[in-house]
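# Compute the structure for the input listed below.
(one chain, ligands or ions: 1)
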Amino acid sequence: MIKLFSGTSNQKLAEKIAQQLNIKLSKTEIVRFANSEVRVRIEEDVKDQTCVVIQSTSNPTDTHLMELFFFCDALKRSEAKKVIGVIPYFGYARQNIQHREGECVSANVIIRFLESIGFSKIYVVDLHDEATEGVFSIPFKNLTALPLLAEKIKEYLSNKGINADIENIAIVSPDQGGVERARKFGESFFNTSDFPLTVVEKRRNLAKIHVSKAVGIYGDVKGKIVILVDDIITSGSTLVNAAELCLASGARFALAAIVHHDFSKQAPEKLENSPLEKIFTTDTISLLEDQKFKKLEEVSVAALLAKELKHL
Ligand code: R5P
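Residues are numbered from 1 along each chain as shown. Below you'll find the predicted structure:
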């Protein structure tokens, strides 16, 4: 049997996973000092045990990352047989190349840290770019929550008396980089790969953070219900701009399936006031009280993760 540990980033999800596995979360002491340093202490015997640490490296990203590294160190020092990291939301994944000359490649640095500290396997959910998988030289598994979101949206539409037909519904990627992801969502949603995909062309000004424009739309959304598919919402600009363009192009209404809500401070209000009818997301990141809004609905990834951990 594994020992399951939770960092502080998403304890609710860790508890749900423990429940699914019918085990208790193992005991730890996590102390944050007044100068913001953190100390992790394992309070159970883990000698020769397989230990799993659940920690999303969401905002505050660096703080959550350090905690994860310290968990691994503490477990290795306590002679755990293996330390496995479950990182439902893998922060810094968007900085996986040099977008401009002179930039760091943050994702690569994080992976080197995880490996050198001693993790023996890493699980994530919907990593931003699948190509990043190749950077890991330890076992790595990228799980997907897209089928869960597809099921939830089908249920929502069916409650409204709407059939999930290819003729009624347009699956839309809100940018060029998300085409494969939107296709995968559509395959799960329609149970076939034979459907037209719509793509919104996004333009970013790389010198300005969180600013983007939807400049064109490729595909037919007229008279259709649009489902925008993306991995992350931060400022909400990508999603809201794409929804507005779809509606201006004649869409009936717009829904969104977004795996991770790594919200900026203004995002919840921007999304609630947007023309999107509903945003379906997951609990890979803990949702704070002041981030909750009516249009947002979460689906849990606990069962998806627990199913994997059962086999360890
Ligand atoms: C970008 O490549 C991602 O897939 C998301 O589209 C993007 O990070 C969302 O950010 P924001 O909500 O700030 O537009």
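
# count of neighbours near the closest residue to Ser300 other than its chain neighbours?
Closest residue to Ser300 apart from its sequence neighbours, by C-beta to C-beta, 6 or more residues apart in numbering: Asp283 at 5.1 Å. (Glycine included, C-beta is placed from N, CA and C.) Asp283: 21 surrounding residues under other C-beta atoms under 10 Å.

# Starting from Glu155, give me the distance back to Asp283.
Computed as C-beta to C-beta, to the nearest Å, the Asp283 to Glu155 distance reads 17 Å.

# and the stretch 51-200 of the chain, which of its residues are near the ligand?
Applying C-beta under 6 Å from any ligand atom, we find that the stretch 51-200 of the chain lies next to the ligand at 94, 175, 177-178.

# Residue of the stretch 1-150 of the chain closest to the ligand, please.
Proximity of the stretch 1-150 of the chain to the ligand (C-beta to the nearest ligand atom) peaks at Arg94, 5.7 Å away.

# need the contact list for that residue.
107, 128-129, 232 (C-beta atoms under 8 Å, 6 or more residues apart in numbering).

# what ranges do the strands span in the stretch 101-250 of the chain?
For the stretch 101-250 of the chain, the strands defined by DSSP state E, counting those that start in this stretch occupy 121-125, 140-143, 169-173, 197-204, 212-218, 225-233.

# The last one packs against which elements?
Same thing as strand 225-233. Judged by 3 or more C-beta pairs under 8 Å, 6 or more residues apart in numbering; DSSP states H and E, strand 225-233 is in contact with helix 146-159, strand 169-173, helix 179-190, helix 237-248, strand 253-261.

# before we move on, what about the shortest one?
Taking 3+ C-beta pairs under 8 Å, 6+ apart as the contact definition, the neighbouring helices and strands of strand 140-143 are strand 121-125, helix 302-309.

# For stretch 35-53, buried residues please.
38, 40, 42, 46, 49-53 (16 or more other C-beta atoms under 10 Å).

# Nearest to Glu101 among those?
Of all those, Val38 has the smallest distance to Glu101: 34.5 Å, by C-beta to C-beta.

# re earlier: save the strands of the stretch 101-250 of the chain as TSV, and put in mean pLDDT and mean neighbour count too.
Shown next, in TSV, are the strands of the stretch 101-250 of the chain (pLDDT from 0 to 100; neighbours: other C-beta atoms under 10 Å):
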stretch	mean pLDDT	mean neighbour count
strand 121-125	98	21
strand 140-143	98	16
strand 169-173	98	26
strand 197-204	93	20
strand 212-218	91	15
strand 225-233	98	25
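
# Which among these is found nearest to Pro60?
Ranking the strands of the stretch 101-250 of the chain by proximity to Pro60 (C-beta to C-beta) places strand 225-233 first, at 16.2 Å.

# Just want the angle from that closest one to strand 197-204.
40 degrees (axes from the mean of the first three to the mean of the last three C-alpha atoms, to 10 degrees).

# Who does strand 225-233 pair with, and is each partner parallel or antiparallel?
Strand 225-233 pairs in its sheet with strand 169-173 (parallel), strand 253-261 (parallel), by DSSP bridges.

# Nearest to Lys81 among those would be which one?
Here strand 253-261 is closest among the strands paired with strand 225-233 (C-beta to C-beta), at 30.9 Å.

# pLDDT weak spots in the chain?
Within the chain, no stretch falls below the threshold (pLDDT under 70).

# per the record, what domains does it have?
Per automatic domain parsing, the structural domains of the chain span 3-144+303-309, 146-283.

# would CSV of these with distance to Phe293 be doable?
Formatted as CSV, the domains of the chain follow (distance: least, C-beta to C-beta, whole Å):
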stretch, distance to Phe293
domain 3-144+303-309, 17
domain 146-283, 4
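
# So which of these is nearest Glu297?
Minimum separation from Glu297 across the domains of the chain (C-beta to C-beta) falls at domain 146-283, 5.3 Å.

# okay, how far is it across that closest one, tip to tip?
Across domain 146-283, the terminal residues are separated by 13 Å (C-alpha to C-alpha, to the nearest Å).

# Please apply the same query to stretch 162-181.
The first-to-last residue distance of stretch 162-181 comes to 24 Å (C-alpha to C-alpha).

# What about the closest residue to Leu157 other than its chain neighbours, how many residues nearby?
Distances taken as C-beta to C-beta, 6+ apart place Ala164 nearest to Leu157, at 5.7 Å, with adjacent residues excluded. Here the number of neighbours of Ala164 (other C-beta under 10 Å) works out to 18.

# cool, and Arg32?
For Arg32, using other C-beta under 10 Å, the count is 12.

# Just confirm it contacts Pro60, I think it does.
No: because the distance of 11.2 Å does not satisfy C-beta atoms under 8 Å, Arg32 is recorded as not touching Pro60.

# returning to what we had before: looking at the domains of the chain, which is nearest to Leu296?
Across the domains of the chain, the minimum distance to Leu296, taken as C-beta to C-beta, is reached by domain 146-283, at 5.2 Å.
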